[in-house]
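K.L.:
Quick one: sequence plus predicted model below, questions after.
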Amino acid sequence: MSFIDKYIEKDIKNDPQADKEYEQLDLNMEAAVMIRDLRDNLGM
């Protein structure tokens, strides 16, 4: 387990709401990567 994974796990234990926030951040990051890949494929 990486340092970041440990940090997130500890943060979620201290604040259960943080789990939802991390999940949303993950979705946002996935969307951003998909947009970047699409732009790359279109030559933009």
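P.N.:
Looks like it arrived, so ask away.

K.L.:
Which residue lies nearest the spatial centre of the protein?
P.N.:
Asp26 (2.3 Å; Cα atoms, centre = their mean).

K.L.:
now it: how far from Asn41?
P.N.:
23 Å (Cβ to Cβ, to the nearest Å). Every residue, glycine included, has its C-beta placed from N, CA and C.

K.L.:
and what of Leu27?
P.N.:
Distance from Leu27 to Asn41, by Cβ to Cβ: 21 Å.

K.L.:
same deal with Ala18?
P.N.:
35 Å.

K.L.:
One more: Glu9?
P.N.:
Taking Cβ to Cβ, one finds Glu9 at 35 Å from Asn41.

K.L.:
My read is that Tyr22 contacts Ile8, right?
P.N.:
Yes. Counting by Cβ atoms under 8 Å, Ile8 is a contact partner of Tyr22 at 5.8 Å.

K.L.:
Neighbour count: Glu9 and Asn41, which is higher?
P.N.:
Glu9 (12 against 8; other Cβ atoms under 10 Å).

K.L.:
tally of neighbours for the closest residue in space to the more buried one that isn't next to it in sequence?
P.N.:
Distance criterion Cβ to Cβ, 6 or more residues apart in numbering; nearest residue to Glu9, sequence neighbours excluded, is Met1 at 7.8 Å. Using other Cβ under 10 Å, Met1 has 7 other residues around it.
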